[in-house]
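1. Based on what follows, work out the 3D shape:
(chains A and B)
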Amino acid sequence: MKCNDVVVNLPDHVLGKVEPNLKKSIESHLELCSKCRAELATMQKAAMVLGGIEREEYPDRFWQELKACIMDRIAEPRTTRWKVPAFGGGLVVLLLAIGIGIYEYSTKPAQQASNITALATSLPSVQVVDLSNLNINYVDSAVQPIHESDEMSSVDDSTQFAVVKAMWTSVVDSSISLDDLDYTGNVSSN
Amino acid sequence: MQNPSDLELVEQVKSGNERAFAEIVGRYERKVFFVVKRMLNDNDESADATQEVFIKLHDSLKKFRGDANLYTYIYRIATNVSISYLRKRKVRAVVRLDEVISNMLTGGNEPQREIDQDELRSLVSKAVAALPVQQRQVFILRFYEELSYEEIAQVMHRSLGALKANYFHAMKKIGEFLKNEMQ
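-> As a prediction, the model looks like this:
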């Protein structure tokens, strides 16, 4: 036997859980190999201490109560069993929907807004922001997104920003600060 | 039925008999609790995690086809739930066993002393809890639960060679830890 084959069997060997043939082979190897004998000494120490520990006992009442708790929780409706509130998942989806909505609205108008709404409505427990309520035509004519504008200097940035902010306020009651918006309507990275 | 087998109980649960599930809980709650407790080394979390194991079991029994033993299936859920609890511990000081051993080796030699059962149990719990997760799983299933390597392979989906190596390294680390701690 090679050392590797011996050492992986040492835990079972010291606990008396190897078959007689394997036991014989291990013992023959140990007689000749001081390195494996050192490993054996460590295993024996562990086995001696572990074997000396009395089994931990809990009163019957503990197990009865644990079982009762388990059965009570199983009887609960599934939605109330878990500690993570459904609100958390809903909020993530809501923010995602808003983020995608803003991006789509600033680059391609109109039809994407209804797609995002459909996506959000297909998910459970979500507060849906109906982006189709945005007055897209009004936005297109009054506020040219910066990357589509050939004449940046001719556009009054502060006016555009004010219009977008006003629309945002009318549509979304959001925890995102209005100061996070830049004048194209995107959420600013700052 | 006097003493139905695990599989018979599973079939009864599948047909809506919740008392059969209560019987399964009665059979395995101790085993699950101690596996989870040894994985987590925390009493409060262990009770919660044990409940979660049985809820997951209840929800997944419909898919259980009986091609593995129910108890290996339960052990798999128990170790997976434990691992997910370990991952949830966001800010908890984890002292690696290797570091503990190294600190002890650099410390002074204290005279050998007597330690009582409680202290011994606490020492072993500390040693087991400091093992890397896979070694801990294998050690608990092999040493405490006395599962065969083939059964552990069903629980953990790992090769027998890898499991034996994990068990050896776990025992070795525990042995070194105890040797140094008890000096």
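
2. Which helix or strand contains the closest residue to chain B within chain A?
-> At 3.4 Å from chain B, A:Ala46 is the closest residue in chain A, using C-beta to the nearest C-beta. In this view, the C-beta of every residue, glycine as well, is placed from N, C-alpha and C. Taking DSSP states H and E as the criterion, A:Ala46 maps to helix A:34-51.

3. counting contacts, what elements does that helix pack onto?
-> Helices and strands touching helix A:34-51, by 3 or more C-beta pairs under 8 Å, 6 or more residues apart in numbering or on different chains; DSSP states H and E, are helix A:3-7, helix A:10-14, helix A:20-32, helix B:117-129, helix B:160-181.

4. Can you pull out the residues in contact with that helix?
-> With contacts defined as C-beta atoms under 8 Å, 6 or more residues apart in numbering or on different chains, helix A:34-51 is touched by A:3, A:6-7, A:10-11, A:13-15, A:29-30, B:120, B:123-124, B:143, B:171-172, B:174-176, B:178-179, B:182.

5. low-confidence ranges in chain A?
-> Applying pLDDT under 70 to chain A flags the ranges A:79-190.

6. no, scratch that, I was asking about chain B
-> B:1, B:90-115, B:183.

7. mind giving me the domain split of it?
-> B:6-88, B:97-181 (automatic domain parsing).

8. touching chain A at all, the shortest one?
-> Spelled out, it's domain B:6-88. Yes - contact of domain B:6-88 with chain A (C-beta under 8 Å from any C-beta of the partner chain) involves B:18, B:21-22, B:25-26, B:29-30, B:33-34, B:47, B:50-51, B:54-55, B:58-59.

9. Kindly check the end-to-end length of that domain for me.
-> With C-alpha to C-alpha, to the nearest Å as the measure, domain B:6-88 spans 32 Å from end to end.

10. ok now it, how far from the chain's centre?
-> Centre-to-centre, domain B:6-88 and its host chain are 12 Å apart (C-alpha atoms, centre = their mean, to the nearest Å).

11. Quick one: name the residues of chain A near chain B.
-> Counting by C-beta under 8 Å from any C-beta, chain A sits next to chain B at A:7-12, A:15, A:39, A:42-47, A:49-50, A:52-54, A:56, A:63, A:66-67, A:69-71, A:73-75, A:78, A:81.

12. same thing but at 7 Å, please
-> A:7-11, A:39, A:42-43, A:45-46, A:49-50, A:52-54, A:56, A:63, A:66-67, A:69-71, A:73-74, A:81 (C-beta under 7 Å from any C-beta of the partner chain).

13. ok, of these, which come out buried?
-> Neighbour counting with 16 or more other C-beta atoms under 10 Å in any protein chain shown marks A:7-11, A:39, A:42-43, A:45-46, A:49-50, A:66-67, A:69-71, A:73-74 as buried within the residues of chain A next to chain B.

14. In ChimeraX, how would I select just the buried ones from the contacts of helix A:34-51?
-> Here is the ChimeraX command that picks out the buried ones among the contacts of helix A:34-51, judged by 16+ other C-beta under 10 Å:
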select /A:6,7,10,11,13,14,15,29,30 /B:120,123,124,143,171,172,174,175,176,178,179,182
